[in-house]
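Novice: here are the coordinates; sequence isn't available:
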């Protein structure tokens, strides 16, 4: 059996159409199947699980934060695995790990009671420690490795048409993620939280078979080229001359790496903190819960519209323009937080987080292979993903601490503006290293 097709019955070289479009579909599904490890997939379990384990909301949130921070420290290593072993095996073992972690999550109450009986100790620290370790597993394998491997494999199979295919993927993921709380809540109501986690684990086991069958590492391994053009032997020399393949260390030595990474991380920090405390943030300015929740639908419409249009245009435009437009979105969001007491502040906030979210979907997928090539894409995106996950982990606690100390969320907007001013100046020379 051909080494690159080991354990698979699917041969891309015999496909009647360019196999990259199969990769686009299954890679997008891979990101969708990471939902159990994403904040949007975990948040629905918060109330039933914390109540069953006897944890307070703050204790449960801190376990989630610590587990997420720990996962961010190891995602970079997973990126190196991606470069060494390829998308198939990396995504396959990530899906298996996530499935196992979800089964363990469904047993968390039993494990907690067992440890309490063995130690003859009835302490909240026991379920807290168990959930911290389980959150580390699901965040690392789900939000981290499975997402990274699935997004990267799509980008590797396309070059000139990356923006167009990422537009399709972004739209599908946006609608998939936004609807996920509904079906996750349905599973919890019908099968309890333990059963819901086991059903999702079963789905991941089935999808792991799809991964090993349909994920393919690189088009060149199958006698193909990105975008389905030409033959490798005719263009290899030209390709090598045209694009330098940066290592992680070389990429970190460029200004673009840090400016783009910091802006993506700011987006993750701001939106996660806002989402986590949105009811409290709006209540502090005298708004009811219904108004707080209502901002996400129009913000999603803005984000999807921007990602669709600018993904398509990214095949023709400079990504540096996108970076500055994303910074503008951050400025609007920060100003919205500063003047949230007025209705104008709400509109600024919606426009800001929608703009940032839209450009995040473009830059986080397209910038890295365009700037640094495909050979070390795993190590580079693994490092970026680690920074993004770390920012998202710190945000809820920073927002909460800021409010408890200063009795105001609006002052965070000034900090955001200061940081974005620094990014604007630093990004003036953040050019494409190619």
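Specialist: Received, thanks. Every value quoted in this text rests on a predicted model; they were computed, and no experiment measured them. Residues are numbered from 1 along each chain as shown.

Novice: per the record, what domains does this protein have?
Specialist: Annotated domains of the chain cover 3-239, 243-426 [automatic domain parsing].

Novice: what stretches of the protein score poorly on pLDDT?
Specialist: Counting by pLDDT under 70, the chain shows low-confidence ranges at 1-3, 230-242.

Novice: what separates the lengthiest helix in it from the chain centre, distance-wise?
Specialist: For the chain, the longest helix by residue count, based on DSSP state H, is helix 162-214. Put simply, helix 162-214 sits 14 Å off its chain's centre (Cα atoms, centre = their mean, to the nearest Å).

Novice: Could you do stretch 412-420 as well?
Specialist: 23 Å.

Novice: Give me the contacts around it.
Specialist: With Cβ atoms under 8 Å, 6 or more residues apart in numbering as the test, stretch 412-420 has contacts from 266, 270, 273, 327, 330-331, 333-338, 399, 402. Just so you know, the C-beta spots here come from the backbone N, C-alpha and C atoms, and that holds for glycine as well.

Novice: Filter these down to the ones in helices?
Specialist: Short answer: these in helices (DSSP H) are 266, 270, 273, 327, 330-331, 333-338, 399, 402.

Novice: neighbour-wise, which of the residues you listed leads?
Specialist: Neighbour tally across those (other Cβ atoms under 10 Å): the maximum, 29 neighbours, falls on residue 333.

Novice: Can you say which helix or strand has the closest residue to that residue other than its chain neighbours in it?
Specialist: The shortest distance from residue 333 to any non-neighbouring residue, by Cβ to Cβ, 6 or more residues apart in numbering, is to residue 352 (2.8 Å). Element membership for residue 352, per DSSP states H and E: helix 343-372.

Novice: That helix to helix 162-214, inter-axis angle?
Specialist: 70 degrees (axes from the mean of the first three to the mean of the last three Cα atoms, to 10 degrees).

Novice: what's helix 343-372 packed up against?
Specialist: Counting contacts by 3 or more Cβ pairs under 8 Å, 6 or more residues apart in numbering; DSSP states H and E, helix 343-372 packs against helix 147-156, helix 162-214, helix 248-252, helix 255-276, helix 296-313, helix 319-338, helix 377-406.

Novice: which of those sits most buried?
Specialist: Neighbour counts (mean count of other Cβ atoms under 10 Å) averaged over each of those peak at helix 147-156, with a mean of 27.

Novice: got the contact list for stretch 349-356?
Specialist: Taking Cβ under 8 Å, 6+ apart as the rule, stretch 349-356 contacts 267, 270-271, 274, 295, 298-303, 306, 325-326, 328-337, 340.

Novice: repeat for stretch 160-176
Specialist: So stretch 160-176 is contacted by 20, 24, 27-28, 31-32, 35, 151, 154-155, 158, 226-227, 300, 303-304, 307-308, 310-315, 361-362, 365-366, 369-370 (Cβ under 8 Å, 6+ apart).
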